[in-house]
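**Student:** Following is a predicted model, sequence given first.
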Amino acid sequence: MRDHGRPADGWASASDIAGVLILAGCAVWALIAAMGRPARPEGVLLAVLAVAAGYACGRIAGSLLPVAGAAAAGLAGFGLACTSPYSLTGHAGPGAAQLTLATGAVCCAAWAAPRVLRATRPAPWILRPALWLLAAAITLTAALGGSAVGSVASGAVLVCSLLAARPRRRLPALAACALIAAVAVGGTWAVAKGSVPGGLSPALRAHLTEHRIRLWQDAARIEETDPLRGAGPDRFGELSPAVAQPLGPEAKPHSAPLQQAAGQGLPGVALLGAAFGWMLHALWRSPRATPVVLTAAVTLTALAVESCLGNALSFAQITAGAGLLAGLATARRLDDGPGAAP
């Protein structure tokens with residue numbers, strides 16, 4: 001499928017350089033925010049390393065084995081979600097995020113699979129339908145497992161992926177993904193600041209839970225004490241009155257933007273947004289087919305929304321999975337010539 005909305009290949013190196021600079025900036029700013037404080041920037045550094053390693057592995061696997069690599073990533077994520085020590089339900093564990101990434105990876109594999117049997121590619125014609133069924137099975141597992149967030153996110157990824165063949169230009173769809181992520185961040189911030197017009201509805205408040213709202217409010221108050229550097233990485237559990245236990249996953253504000261704001265100030269939030277924007281930009285200039293690109297973009301957007309409502313990005317397997325999916329969807333296949341169109 002030829003996409004007239006994709007920029008020239010000369011943008012590839014610029015996008016890769018921008019990604020290196022943004023990830024390096026995330027690591028350096030975490031160290032700056034931790035200077036002179038009893039902070040622990042190791043978690044942020046591990047997350048940055050996981051994204052970089054996942055992205056590099058995805059680029060390699062996507063070039064060598066575009067279908068098998070994405071399918072294997074999806075199956076691995078599905079297996080991790082099913083065997084995770086954390087519950088699939090609720091917002092705390094990485095289960096919902098793993099199911100979302102697994103569904104997106106399998107859908108990318110389905111779009112990368114050949115539609116018909118070819119003599120040079122002895123892949124059976126049933127491969128693409130089988131991958132669609134696998135993606136549907138992952139979504140059904142999320143629903144049966146009681147993961148409301150995982151089932152909704154996986155279902156949205158599956159539906160949007162099935163519709164991804166319709167757009168001829170990828171830029172408007174990618175812009176819509178960026179807007180959805182921005183609205184999720186803005187909504188979370190409004191709840192934390194208590195500035196939602198008309199206040200939260202009882203149903204939404206019950207879904208978020210009072211404990212989570214208090215965590216968000218504590219994160220906003222901590223950010224106000226030092227908007228530039230925050231209180232230091234991984235110090236939220238020490239400073240939040242709403243934290244019931246000093247250690248463990250509950251010692252997080254259950255929102256990646258608010259966690260960045262509390263630990264690293266507004267520059268940390270900006271760097272997190274820049275990392276997401278870089279992934280969307282890399283997908284925009286990706287040589288892969290538009291359905292693969294849009295499927296990955298929708299999956300990463302769903303993960304961004306989930307990270308606004310929970311602490312999914314606090315787990316290295318999630319950040320590595322996000323980088324892996326982005327790498328798979330931006331890799332140049334070995335059978336594509338220098339000027340080949342997706």
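**Tutor:** Thanks, I have the structure now.
**Student:** Now do the helices in this protein.
**Tutor:** Ranges of helices within the chain are 11-34, 42-64, 66-82, 95-112, 127-144, 148-162, 171-193, 202-208, 210-225, 236-239, 256-284, 290-309, 316-330, based on DSSP state H.
**Student:** now, of those helices, which is deepest in the fold?
**Tutor:** Across the helices of the chain, the average number of neighbours (mean count of other C-beta atoms under 10 Å) peaks for helix 95-112, which reaches a mean of 31. For every residue, glycine as well, the C-beta is placed using N, CA and C.
**Student:** pLDDT averaged over it, what's the number?
**Tutor:** Averaged over helix 95-112, pLDDT sits at 94.
**Student:** Against which helices or strands is it packed?
**Tutor:** Counting contacts by 3 or more C-beta pairs under 8 Å, 6 or more residues apart in numbering; DSSP states H and E, helix 95-112 packs against helix 66-82, helix 127-144, helix 148-162, helix 290-309, helix 316-330.
**Student:** so can I have TSV of those helices showing distance to L283 and mean pLDDT?
**Tutor:** Shown next, in TSV, are those (distance: least, C-beta to C-beta, whole Å; pLDDT from 0 to 100):
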stretch	distance to L283	mean pLDDT
helix 66-82	14	93
helix 127-144	19	92
helix 148-162	14	92
helix 290-309	5	96
helix 316-330	6	96
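**Student:** Distance to M35 added to these, as JSON lines?
**Tutor:** Output for these, formatted as JSON lines (distance: least, C-beta to C-beta, whole Å):
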{"stretch": "helix 66-82", "distance to M35": "35"}
{"stretch": "helix 127-144", "distance to M35": "42"}
{"stretch": "helix 148-162", "distance to M35": "36"}
{"stretch": "helix 290-309", "distance to M35": "26"}
{"stretch": "helix 316-330", "distance to M35": "23"}
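**Student:** Quick one, which of these gets closest to R170.
**Tutor:** helix 290-309 (5.1 Å; C-beta to C-beta).
**Student:** Return the alpha-carbon coordinates of the closest one using CSV.
**Tutor:** Taking Å, rounded to 0.1, in the frame of the first residue of the first chain, the C-alpha atoms of helix 290-309 are listed here in CSV:
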residue,chain,number,x,y,z
THR,A,290,0.3,2.2,6.9
PRO,A,291,-1.9,-0.4,8.6
VAL,A,292,1.1,-1.6,10.6
VAL,A,293,2.0,1.9,11.5
LEU,A,294,-1.4,2.9,12.6
THR,A,295,-1.9,-0.3,14.6
ALA,A,296,1.3,0.4,16.5
ALA,A,297,0.3,4.1,17.0
VAL,A,298,-3.1,3.1,18.4
THR,A,299,-1.5,0.6,20.7
LEU,A,300,1.0,3.1,22.1
THR,A,301,-1.8,5.6,22.5
ALA,A,302,-3.9,3.1,24.5
LEU,A,303,-0.8,2.4,26.6
ALA,A,304,-0.4,6.2,27.2
VAL,A,305,-4.0,6.5,28.4
GLU,A,306,-3.5,3.4,30.7
SER,A,307,-0.3,5.0,32.1
CYS,A,308,-2.3,8.1,32.9
LEU,A,309,-4.6,6.0,35.1
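**Student:** Done for today, thanks.
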